[in-house]
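Asks: what would the 3D arrangement of this be:
(4 chains, ligands or ions: 2)
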Amino acid sequence: MLDVLGLARLEDLYAHLPPAVLLHRDLQLPRGKSEYEIADYFRARGSENANGFASFLGAGVYNHYRPVLVDTVVSRGEFLTSYTPYQAEISQGTLTSIFEFQTMLCQLTGMDVANASMYDGSSATPEAALMARRITGRSRILVARTVHPEYREVLRTYTKYENIDVDEIDYDPDSGALDLAQLEQKCDQTVAAVLIQSPNFFGVLENTKQAAAIAHAQGALLVFLFTEAVSLGLLEPPRDADIVAGELQSFAIAPSYGGPYAGVLASKEKYMRQLPGRLVGETKDSRGNRAFCLTLSAREQHIRREKATSNICTNQALIALMATVFMTVYGKAGLRELASQNLSKAHYLGAKLKRRFTGPYFNEFVATVDDPAAFNRALEENKIIGGLPLGRFYPELKGSLLLCCTEMSLRQHMDRVAEEMAG
Amino acid sequence: MLDVLGLARLEDLYAHLPPAVLLHRDLQLPRGKSEYEIADYFRARGSENANGFASFLGAGVYNHYRPVLVDTVVSRGEFLTSYTPYQAEISQGTLTSIFEFQTMLCQLTGMDVANASMYDGSSATPEAALMARRITGRSRILVARTVHPEYREVLRTYTKYENIDVDEIDYDPDSGALDLAQLEQKCDQTVAAVLIQSPNFFGVLENTKQAAAIAHAQGALLVFLFTEAVSLGLLEPPRDADIVAGELQSFAIAPSYGGPYAGVLASKEKYMRQLPGRLVGETKDSRGNRAFCLTLSAREQHIRREKATSNICTNQALIALMATVFMTVYGKAGLRELASQNLSKAHYLGAKLKRRFTGPYFNEFVATVDDPAAFNRALEENKIIGGLPLGRFYPELKGSLLLCCTEMSLRQHMDRVAEEMAG
Amino acid sequence: MITKVRQHPSQNEPLLFEISSPGKHAYQLPDLDVPSVDPAEALGATNVRAEIEGFPEVSEVDAIRHFTRLSTWNYAIDLGLYPLGSCTMKYNPRINEMVARTEGLCWIHPYQPDSLSQGAMEILNTLEQALLEITGMDAVTLQPAAGAHGELTGMLLVRAKHEASGNPRRSVIIPDSAHGTNPATVRMAGYEVANIASNDRGMLDTAALERMVDDNTAALMLTNPNTVGVFEEHIADIAQILHAKGALLYMDGANMNALAGIARPGDFGVDVMHLNLHKTFSTPHGGGGPGSGPVAVKQHLEPFLPTPRLSRLNDSWRWTHDRPNSIGRVRAFYGNFGVLVRALAYIQAHGSGLKLATLDALLNANYLRKLLEPAYQIAYAAPSMHECVFSDSRQAAHGVNTGTIAKRLIDHGFHPYTVSFPLIVHGALMIEPTETEGKHELDQFAEALIAIAQESEQDPQLVLTAPHSTRTSKVDEVGAARKPILKWTPTAGSPPPARPSD
Amino acid sequence: MITKVRQHPSQNEPLLFEISSPGKHAYQLPDLDVPSVDPAEALGATNVRAEIEGFPEVSEVDAIRHFTRLSTWNYAIDLGLYPLGSCTMKYNPRINEMVARTEGLCWIHPYQPDSLSQGAMEILNTLEQALLEITGMDAVTLQPAAGAHGELTGMLLVRAKHEASGNPRRSVIIPDSAHGTNPATVRMAGYEVANIASNDRGMLDTAALERMVDDNTAALMLTNPNTVGVFEEHIADIAQILHAKGALLYMDGANMNALAGIARPGDFGVDVMHLNLHKTFSTPHGGGGPGSGPVAVKQHLEPFLPTPRLSRLNDSWRWTHDRPNSIGRVRAFYGNFGVLVRALAYIQAHGSGLKLATLDALLNANYLRKLLEPAYQIAYAAPSMHECVFSDSRQAAHGVNTGTIAKRLIDHGFHPYTVSFPLIVHGALMIEPTETEGKHELDQFAEALIAIAQESEQDPQLVLTAPHSTRTSKVDEVGAARKPILKWTPTAGSPPPARPSD
Ligand SMILES: Cc1ncc(COP(=O)(O)O)c(C=O)c1O
Ligand SMILES: Cc1ncc(COP(=O)(O)O)c(C=O)c1O
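Replies: Ligands and ions are numbered 1, 2, ... in the order given. Predicted coordinates for the structure are as follows:
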């Protein structure tokens, strides 16, 4: 091939680069490793993390069983190694599965349209806020303090230079739910959106209907957030919300130390053209057969550039496909049964511990302990990772732990946690 | 569907069976388990076997690295869940890969034809002997005592009622190779075949050329057996043999407590029609394009019934595909380099131990120790599985261990073994 | 109109040898941590080979594309119904593949000490117990690698038993409907095959049997349900006839998918039987294997089972080799362990609900029979169990036969049924849908077959020249056998579909 | 003649909702080991939903067939060349997929104690060090989830830095050849976009830049090599022009595949850049993602990097959150860890040999350019790096444009190049083969494109109506946007391709 190019050496391929920009030495990296050594390296690193521990951590990342079918599907080269489906005629597999994903998310959330995924729940949150700003033309955001603290941090980062003012709404110290009175008080006609999460960061259910009523009374939108998608198997969908943003990690996406996950962004039909990200639509091919393609791309950066609804390009398609397979495997009855099991497990443990809040909860709750660090250390000795100490995010909850139970939590481990509590 | 059949209950489907044959109770098996419980059960059982041990066991089953590509390929539903390729027009994937398998085995062994796989090396052994009987019309088999002891057991089982007389040839107590003088003495015109294995069970190379000469001088066939396919990357192929039978476990097939593996049966062209098992041949389709199909099936049970060359039907196709992918990944240079690494590793350890035999060896050798059981126990405490005590198979070698090193054997573990030997 | 499939491009791909290019490779080995040994010195120069001529030289991407492209030329269960009669092509749950790859199960050596293999041995015992419960037999060996291998094992057991009683006897009776492996096996065990004709209900003729069995009869080898999908209603009488003459009843259990949870061979007089774990218990067929063919026996045959056997001592498992009456080994080690793991996973998934799977298998077969009877001639009026067999007699009038109908089914989007077997049905179409198919797939299949029955009348040429839609059209099998090309060489055979690579 | 592909049947498949059938399911949960709680009681009856209307109800075999069938309708890297310019669709070694699934790496919670996460943190640090060595920068954050997310992070860093100096400044300069994410990002960071035209060599016009940069210029956002595949030869001058006015140089590193091992942005004046790990460092694109977009900076921007940061204390890793000047988080947790694992595995496989991969990428792009220049109009005479951009100007004479040529390429067996980007090239064909392609695949691709150039002259209609061979013919994208149907409902849209199921 060099011959064809009339070159003597591979290095001649960049002979035109100014010598000053070149690296005149080899990269200081170890020599290339064999597959076996690479597998071994990562196995060794893996063994340095918690291995064989039971865990009661939730807080936005949940330990659910991953059906084997999920990897079977996403490991197929045709899904794994294809690009964004711009060429519809040879991408109907991806396009069809995204259309199904969009449909199932609408069924789950009660929204009319859902996009093909965002990076994760935390980045979907500011995208929802920005969307509300575009829709309402207003620039104040009210966010419940019961929204995941890291989501709120991301919201602040994204909105800092967008001329958006973010204000927080406290929670009721008894119920652990958003303080609706304070919301009512702070919500006025300058507010673009009210952001709530349910079940909230404490695991407590919010009153979406009332929050929506308060927001809507002022012409503001209600943005409903979720971190625990499994809850939607049992909980009333947020039909009163205008925009739904959330995290699908619970749907067969491994915790994987924080990512990759998949974010959701869905809305009422009338806001469709303000959605960021990719959308797949149904159409026909030239022979009249049903076909799917990417659509409404006039919202997107590659067409609209600085006027786009967002800069998002690469999304989380393969991870969204995992969620699609998960929803297919569990289906109508399964997602409900799964959610019910989560509920039962959490309430089994919840009943044995000192719960900090009185509000109804799904599979997470806050427990009060004397010394969270000591409590967790004691459990660690039993190969159990306890709850998340809340002091870091909520100084006033220094003596509290956030605990989560899923269908994977075994009674024997829950009993051990309860024992530790009993002292 | 019951409606269509005019039935009320599923049980009506077998109402015509005599009540006496029916099982009038439920099967006494546990209730159906979930995926998660099943995975958990097998993980628990797996953890009860040697975990995280280094091992120096060989003896027909070798610890080689399995390239990741192997499972990537064989996990594709199109290979995994297809049947024997009887319908050629929708089975060209399997047929083409088998044709490549047959070709590569010929290239490796120096034979002219190879079939699409046998159950394993041990059952390929008697099939080779039976084939020799059919070809020569003779009914005596001479088998070297250096052939894998379990292969010889299987040979005896298969031949017991086939009117075949099996006699064994001793090994030279110094070299560990087959006693050629004894072979010469026992081999006469009643002998259908002489069966030798190289590297033999002690890891020692046999003199195939001379064994072949002795056999051929009496009109007998030479059947060449192998258990360590990697050796063929470096060793002269058994061109002087008439039939080659062997085991492909070394080619990316996990040890898996003894199976499934894949057996090889290959021969000179003139014996093609006496081969048992499936063969794929090249042909054309009706448009003149190259195509492949199962062929020469007049040898097989489904056509010839009691006159077939064997009763084999289901073979080890998917496992043979693993070997095909393995050979593709390593290829010409890789298989040689792999074999060379095995050689170097074994000779590193071999040089440090008291070797029992003087013959040239590939990646296995016999070492003499004071007390094999105690020696292995001491290593076990260091999470090392030592060698195979030979007393069970060769009473005269009670004080000996068979040890194997592969590219996976680490110097640190070999040094530990040597230390143990030093005392 | 064909609605099941549409045409789409599939990639061409030459043979590995044709895409090879000197110096390309897809592997990388770790650096050697010991001194490198010179092969010629260590092994002797004459023992060291030259490079392996013709062996592939390709990159990793070449390799993955090669096999991925090839794979797309295959039909598979994962793509649709695969109604091969006698083959029980059911869907194979992927959890089985996962557990078989559990590190602690697939990286264990058969010779590692029993004390370090207790988990594996526990699995084997658990599977043995489950199979005994399902079959109603007394003991089982897991050693045989496939059905035919099990048959051989079983026949050797029969022979060993008779020899132990002083007379090996001479022949084994086999119905003319039997699978080809049966007679082939009988011969390998040193017996003569005595064929017996089936009666007009597709069943064994008990009167004829009674006449045939004598002191030289070692056994009857019977498939039940038999290969026409019919349960041998007189099985109890059959057993009695045999036992009265000291002969044994061998059951080919390849069709156990029709019985699990409903009836047990051990309860109706069977002395010895094999199971096809890769059929009934759901190991994917993998383009031809691997399988596993355990042999279950009544107590009187137990002493003859292959070595080694599992036994329990001081609360742990060990392998017992010392069994003086054993027929010996039929293969090295303990059987196709990886397949046994899959079978146990399958049994665990169903548990006591295994019967439901059986009922669904019966339902699907009978449903298809019902849909197809208007268009095709059912071979026997007797009720079907898990499969149904038709003959092509009505279509034959138009010059179309079971083989050509099968090829035309491919155009309609399905893998064909088993063609021309069993031999007792002229022009047989042998259809086994299995329990894992849904009604929709069955309906589409029936529609396709019915459409082909019409095509056979209206346009037989269309059927006779099928398939028309596949990348490879009708393959010349006769030509393949006439001048066999069994391996690639630079000169033999056709030129590659595209020019050789870089 | 088309030699790359042949037609073969591919299975039709309705939507999940159309194959659903009440009561079917593909899951099984373990028995509950605690008392069952009544949802209405625990949550309040009004909080409990009715069943999820329309949600799928299918069996496991339905599910696997559904997705397997769908998958066969996709083109993919595993099937062949995927020459999308700017996308770096290289082959993704499967070992990366395996290591990302290592149990100790994929089953770890981001909030488990640092003491129980040392292995994960070690991986992150090792990757950071490798990326710094490759880029020549001083510090890097792995938090951003994709390239555009990295851009936003980088622009916020630029802004934070300027704000810390007392003036955030007003605008960011972007060449007209830039990727769409660049201007979109700039706006999200609260800056105005100042476009700058490229010169006739496809490079940034340094004289124009000099005129444009002033005290209100926050940064220049430059892709290098740029989107026409040309290295910005005056990069050092560019950096100097910016730095002289206190502006920063942001480099979009999406094209780092052209530089790794050859040149380092940190050595030629870049202040801040992002990498697309899913391009250069080989995470499979997965039909659209996931990605990872680390942002590397020079020391002066380090204080502003997102929280948390890795730090070393008493021989162990921990997360430091206390960084007063930080721009804050851009996402929860620590980034797309699973993608980071793949990137490190990729870097380890190449090690210091990464340069070879880069050279092969250059070779392949230039080789294709050479083969195609006789038939297509190269956009710029300047030497190409890792991709080459043509225009359809010669073909346009026959009414054929880059979009229709792309569709015709599908019939010839290839995925098209990037169509109509960059915008500065009228009718652009943007071709990036990557280093993992062999000569044979490239030759076939060039042949196909050359054949289409001929077809465009001789039979433009053939090209204009392509593709002709796919199961789905030319898709009506305009219709899709006119009346958007974005989800399935029992009534909307077309009827399913086959009737609903049982
Ligand atoms: C009735 C019957 N018996 C025996 C066999 C042989 O089993 P295997 O192919 O596992 O050797 C088969 C399988 O094809 C069969 O259908
Ligand atoms: C030049 C360039 N910049 C930025 C991006 C955006 O990266 P991502 O898709 O990862 O957000 C891309 C990817 O398409 C690109 O090609």
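Asks: how near is A:Asp371 to chain B?
Replies: Relative to chain B, A:Asp371 is positioned 33 Å away (CB to the nearest CB, to the nearest Å). The C-beta positions use only the backbone N, C-alpha and C, and glycine is treated the same way.
Asks: next: A:Pro19.
Replies: Taking CB to the nearest CB, one finds A:Pro19 at 37 Å from chain B.
Asks: and what of A:Lys186?
Replies: Counting by CB to the nearest CB - A:Lys186 and chain B are separated by 45 Å.
Asks: which residue packs closest to that residue, ignoring adjacent ones?
Replies: Counting by CB to CB, 6 or more residues apart in numbering or on different chains, A:Lys186 lies nearest to A:Leu142, which is 5.8 Å off, once chain neighbours are set aside.
Asks: surely the one you found is in a strand?
Replies: Yes. Assessed by DSSP: H, G, I helix; E, B strand; the rest coil, A:Leu142 belongs to a strand.
Asks: and it, what does it touch?
Replies: The contact partners of A:Leu142, taken as CB atoms under 8 Å, 6 or more residues apart in numbering or on different chains, are A:167-169, A:183, A:186-187, A:191, A:193-195, A:220.
Asks: I'd say C:Val37 and B:Gln341 touch.
Replies: No. Checked against CB atoms under 8 Å, the pair C:Val37 and B:Gln341 is beyond contact range at 9.5 Å.
Asks: pull the most distant pair out of the contacts of A:Leu142.
Replies: Greatest spacing in the contacts of A:Leu142, by CB to CB: A:Glu168 and A:Ala220 (15.2 Å).
Asks: which helix or which strand is home to C:Pro22?
Replies: Counting by DSSP states H and E, there is no helix or strand that carries C:Pro22.
Asks: what about it, neighbour count?
Replies: Residues lying near C:Pro22 (other CB atoms under 10 Å in any protein chain shown) number 8.
Asks: contacting residues for the residue nearest to it when sequence neighbours are not counted?
Replies: Once flanking residues are discounted, C:Pro22 sits nearest to C:Glu57: 6.0 Å by CB to CB, 6+ apart. Counting by CB under 8 Å, 6+ apart, C:Glu57 touches B:331-333, C:20-25.
Asks: ok, C:Glu57 to ligand 1 distance?
Replies: 36 Å (CB to the nearest ligand atom, to the nearest Å).
Asks: please report phi then psi for that residue.
Replies: phi -140, psi 100 (degrees, to the nearest 10).
Asks: the stretch 1-150 of chain A: strands as residue ranges?
Replies: For the stretch 1-150 of chain A, the strands defined by DSSP state E, counting those that start in this stretch cover A:54-55, A:113-114, A:140-144.
Asks: please read the previous query as pertaining to the stretch 151-300 of chain C.
Replies: Going by DSSP E, counting those that start in this stretch, the stretch 151-300 of chain C shows strands at C:171-175, C:192-196, C:217-223, C:248-253, C:272-275, C:295-297.
Asks: with distance to B:Gln301 added, can I get these in TSV?
Replies: As requested, these are exported to TSV (distance: least, CB to CB, whole Å):
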stretch	distance to B:Gln301
strand C:171-175	12
strand C:192-196	12
strand C:217-223	13
strand C:248-253	13
strand C:272-275	15
strand C:295-297	18
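Asks: on that earlier part again, in strands only, show me the contacts of A:Leu142.
Replies: Judged by DSSP state E, the contacts of A:Leu142 include A:167-169, A:191, A:193-195 as members of strands.
Asks: looking at those residues, which one is closest to chain B?
Replies: Nearest to chain B among the ones in strands among the contacts of A:Leu142 is A:Leu195, at 34.9 Å by CB to the nearest CB.
Asks: for the closest one, list the residues it contacts.
Replies: A:125, A:128-129, A:141-144, A:147, A:155, A:223, A:225.
Asks: re earlier: which one's more surrounded, C:Val37 and B:Gln341?
Replies: Neighbour tally, C:Val37 and B:Gln341, criterion other CB under 10 Å: the higher count belongs to B:Gln341, 26 against 21.
Asks: show the pLDDT at that one.
Replies: Predicted confidence (pLDDT) for B:Gln341: 98.
Asks: A:Gly423 too?
Replies: Reported pLDDT for A:Gly423: 72.
Asks: hang on, the earlier thing: out of the strands of the stretch 151-300 of chain C, which is closest to chain D?
Replies: strand C:272-275 (22.5 Å).
Asks: tally up the residues packed near C:Ala50, please.
Replies: Residues within reach of C:Ala50, counting by other CB under 10 Å, total 7.
Asks: helix/strand/coil for it?
Replies: Judged by three-state DSSP, the three-state class of C:Ala50 is coil.
Asks: who touches residue 120 in this structure?
Replies: You didn't say which chain, so I picked chain A. A:247, A:249, A:259-263, A:316, D:145, D:331-332.
Asks: actually, chain C is the one I wanted.
Replies: C:Ala120 neighbours (CB under 8 Å, 6+ apart): B:45, B:49, B:257, C:105, C:108, C:337.
Asks: around ligand 2, which positions in the stretch 151-300 of chain A sit nearby?
Replies: Applying CB under 6 Å from any ligand atom, one finds that the stretch 151-300 of chain A does not approach ligand 2 at all.
Asks: can you give me the strands for the stretch 151-300 of chain A?
Replies: Listed in chain order, the strands of the stretch 151-300 of chain A (DSSP E, counting those that start in this stretch) span A:165-169, A:191-197, A:221-226, A:243-247, A:263-267, A:280-284, A:290-294.
Asks: quick check: mean pLDDT across stretch A:20-39?
Replies: According to the model, stretch A:20-39 has a mean pLDDT of 96.
Asks: also stretch C:407-425?
Replies: Averaging pLDDT along stretch C:407-425 gives 96.
Asks: does it come close to chain A?
Replies: No. Figure legend: stretch C:407-425 not in contact with chain A (CB under 8 Å from any CB of the partner chain); closest approach 15.8 Å.
Asks: buried ones in that stretch?
Replies: Buried residues in stretch C:407-425, counted by 16 or more other CB atoms under 10 Å in any protein chain shown: C:407-422, C:424-425.
Asks: ok, now stretch A:98-110?
Replies: A:98-110.
Asks: can you dump the C-alpha atoms of it in CSV for me?
Replies: What follows is stretch A:98-110, C-alpha atoms only, in CSV (Å, rounded to 0.1, in the frame of the first residue of the first chain):
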residue,chain,number,x,y,z
ILE,A,98,-35.4,2.4,20.0
PHE,A,99,-39.0,2.9,18.9
GLU,A,100,-40.0,0.1,21.3
PHE,A,101,-37.9,1.8,24.0
GLN,A,102,-39.7,5.1,23.5
THR,A,103,-43.1,3.4,23.6
MET,A,104,-42.4,1.5,26.8
LEU,A,105,-41.1,4.6,28.5
CYS,A,106,-44.3,6.4,27.6
GLN,A,107,-46.3,3.4,28.9
LEU,A,108,-44.3,3.4,32.1
THR,A,109,-44.3,7.2,32.8
GLY,A,110,-47.6,8.2,31.4
